[in-house]
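In: how would this look folded up:
(2 chains)
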Amino acid sequence: MSEPTANPPPPDDTAEPEAAPRKQRKPVGWSMIFIGVLVAVCVVLVWRRDGTSGVTEILSSDIWLFGEILPRVLAGCLLGAFIAEILPHEKVSRALGPESGLKGLLIGTAFGAILPGGPFTAYPVAAALLTVGADFGATIAMVVSWTLIGYGRAIAWELPILGTDFTLWRIILSVPIPILAGALGRIVYVRMYPKKGRDE
Amino acid sequence: MTAALIIDVTLWGSVAVLGFMVWRRGRVVAVSAAREGTMDFINIVPRIALGVIGSGFIAAVIPPEVITGWLGPDSGWFGVLTATIAGGLTPGGPVVGFSIAAVALKVGGGPPQVIAYVIAWALFAFQRMILWEIPFMPARFVWFRAAVSLPFPFLAAALAMLIGKP
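Out: The predicted model follows:
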């Protein structure tokens, strides 16, 4: 489904531990083409249902939202770049790399749970972790933990709308999920990409 | 509005603190890291633009009433399955997702199904994946992450049935 050259595996740090890892930028891949087609279809559907005014209405509110999001995206990108610079590659791949075991998954989970901000911080930071040597498993644990047990969304939205009892119950049931998802990710990854999985 | 302000302050505060830490490692390092981040930003802007504008139109095609219909037609495992699909298809931000869950609870949806819905929404909501995850993360990672996450709404529902609601 994706472009093989665009996504280098977490590079092994045996070669040159001092060199700052450079991430390859993603070319336009199948995912974006797929989304583009899906969007085009939906635009046509909206146009047929609501006419041109329906289309421009959605477009203008989306452009407004886009303008609001942009500064945060810039902040997220800078955050990711600084983290990639500060975190020592060697230590990250030891703490969060393919050989990091349960501890790596726990660190990823804890990190995702305490990470402040929204998607504009979580995903750039997760991408930065991948660049500096975290493996898929630990990064999955981090992303899943951010989305399921991160406090930001729970406090801002879930508590007021769904109530304390339900929210706490939901979070307690969710606690094992990031670790299990990370572990499953590692197991599958090693089988899908046997060589890369055992690098290090 | 104040919540947005708090978010922006913490966000740019973190950028400033980390930027300072990078700066202490030398000017050259700081400039190159800042340039790297800015290049990432420039590269990501078209994707985010497509994501924002795109998910707005996709959301307009899927009205929330459709989602409510998918949530809780059945109280067993079939209900968990439709709740999981509904979670992934839910358009809009957290307000929409959590409100649909609250409505489902009020009209008698089973708690395990609602749990499955909220967790599936957190894991797979298409708007978040299109708008944020795919632009920022390697595509292979996103699909891999989603595939590996598939069992978990079901697992959480099973746990909810087993433990019951306190």
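In: just give me the neighbour total for residue 96.
Out: Looking at chain A here, since you left the chain open. Counted by other Cβ atoms under 10 Å in any protein chain shown, the residues lying close to A:Leu96 total 29. C-beta here means a position set from N, CA and C on the backbone, and glycine is covered the same way.
In: chain B was what I was after
Out: If we define neighbours as other Cβ under 10 Å, then B:Val96 has 18 of them.
In: show the contacting residues for it.
Out: Applying Cβ atoms under 8 Å, 6 or more residues apart in numbering or on different chains, we find B:Val96 in contact with B:64, B:90.
In: ranges for the strands of chain B?
Out: Using DSSP state E, chain B contains no strands.
In: low pLDDT regions in it?
Out: Applying pLDDT under 70 to chain B picks out residues B:1, B:72-74, B:165-166.
In: what's the first helix or strand after the helix or strand hosting A:Ile107?
Out: Using DSSP states H and E, the element containing A:Ile107 is helix A:101-114. Downstream of helix A:101-114, the first helix or strand assigned by DSSP H and E is helix A:119-131.
In: next, the buried residues of that following helix.
Out: A:119-131 (16 or more other Cβ atoms under 10 Å in any protein chain shown).
In: stretch A:86-104 too?
Out: Buried residues in stretch A:86-104, counted by 16+ other Cβ under 10 Å: A:86-87, A:89, A:92-98, A:100, A:104.
In: near chain B too, which of those?
Out: A:Ile86 (Cβ under 8 Å from any Cβ of the partner chain).
In: what about the spatially most central residue of chain A, distance to A:Lys91?
Out: Nearest to the mean C-alpha position of chain A, by Cα atoms, centre = their mean, lies A:Tyr123 at 3.7 Å. Separation of A:Tyr123 from A:Lys91 (Cβ to Cβ, to the nearest Å): 22 Å.
In: also B:Gly164?
Out: Applying Cβ to Cβ, the value for B:Gly164 to A:Lys91 is 43 Å.
In: next one: B:Leu123
Out: Distance from B:Leu123 to A:Lys91, by Cβ to Cβ: 29 Å.
In: ok, now A:Arg191?
Out: 27 Å.
In: buried set for the longest helix along chain B?
Out: Longest helix in chain B, counting residues (DSSP state H): helix B:27-61. Within helix B:27-61, the residues that count as buried by 16+ other Cβ under 10 Å are B:30, B:33-34, B:36-37, B:40-41, B:44-45, B:47-61.
In: quick one: distance of stretch A:97-115 to the chain centre.
Out: Distance, stretch centre to chain centre, for stretch A:97-115: 14 Å (Cα atoms, centre = their mean, to the nearest Å).
In: contacts for it next, please.
Out: A:10, A:94-96, A:121-122, A:125, A:133-135, A:137-147, A:149-151, A:178-179, A:182-183, A:186, A:189-190, A:197-200.
In: one more time with 6 Å
Out: Under the criterion Cβ atoms under 6 Å, 6 or more residues apart in numbering or on different chains, residues A:95-96, A:122, A:133, A:135, A:138, A:141-142, A:145-146, A:149-150, A:178-179, A:182, A:197, A:200 lie in contact with stretch A:97-115.
In: what sits against the residue sitting nearest the centre point of chain B?
Out: Chain B has B:Arg128 as the residue nearest its centroid, 4.3 Å off, counting by Cα atoms, centre = their mean. For B:Arg128, the contact set (Cβ under 6 Å, 6+ apart) is empty.
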